[in-house]
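> can't give you the sequence, but here's the structure:
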């Protein structure tokens, strides 16, 4: 019987596009690697990496949001910690000193405390200052 433990995950994603005016093809490929401290968080890590790669391939960056998006926040800039709940593992944050956390909380309040974004489901706990997230079911 083989036994193993996943400690790293590598996710890659690419996109090829044509510039019809120049008659040239452009290929972009990004690859991210992450260390996994808790093997039960493998799917969550994969989803986070895939979302980031999708942003990059779409020409978006996490550091410069579009000015038309209000409020804009980056989940990558928020401190998350693993937790277990009655419906399985999730991540939670109480990163009240983070500007992105404050913007996320404001966005959640505008959506009645729940929203889906970039493959994740976010919700506000009843205390109003804790946010949970988990991979959204497809």
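The structure has been received and is ready for your questions. Everything numeric in this text was worked out from a predicted model, so none of it was measured. Numbering: from 1, shown residues only.

> Following element in sequence after the top helix by length along the chain, please.
As assigned by DSSP state H, the longest helix anywhere in the chain is helix 42-57. As assigned by DSSP states H and E, the chain's next helix or strand after helix 42-57 is strand 81-85.

> What pairs with that following strand, parallel or antiparallel?
If you go by DSSP bridges, strand 81-85 pairs up with strand 88-93 (antiparallel).

> Residue 75: what's it in contact with?
Taking CB atoms under 8 Å, 6 or more residues apart in numbering as the contact definition, residue 75 lies against 48, 100, 104, 117-118, 120, 133. Using the backbone N, CA and C atoms, a C-beta is placed for each residue, glycine as well.

> Please narrow those to those residing in helices.
48, 100, 104.

> What is the lowest-pLDDT residue among the residues you listed?
Lowest pLDDT of the ones in helices among the contacts of residue 75: residue 48, 76.

> list the contacts for residue 88?
Per CB under 8 Å, 6+ apart, neighbours of residue 88: residue 134.

> so how far is residue 40 from it?
9 Å (CB to CB, to the nearest Å).

> Which of the helices and strands in the protein ranks last by mean pLDDT?
Across the helices and strands of the chain, mean pLDDT, DSSP states H and E gives its lowest value to helix 42-57, namely a mean of 76.

> In it, which residues are buried?
44-53, 55-56 (16 or more other CB atoms under 10 Å).

> Among these, pick out the one closest to residue 76, please.
Nearest to residue 76 among the buried residues of helix 42-57, counting by CB to CB, is residue 52 at 6.7 Å.

> Need phi/psi at residue 87.
Torsion angles at residue 87 (phi, psi; degrees, to the nearest 10) stand at phi -100, psi 20.

> Distance check, it against residue 132.
Computed as CB to CB, the residue 87 to residue 132 distance reads 10 Å.
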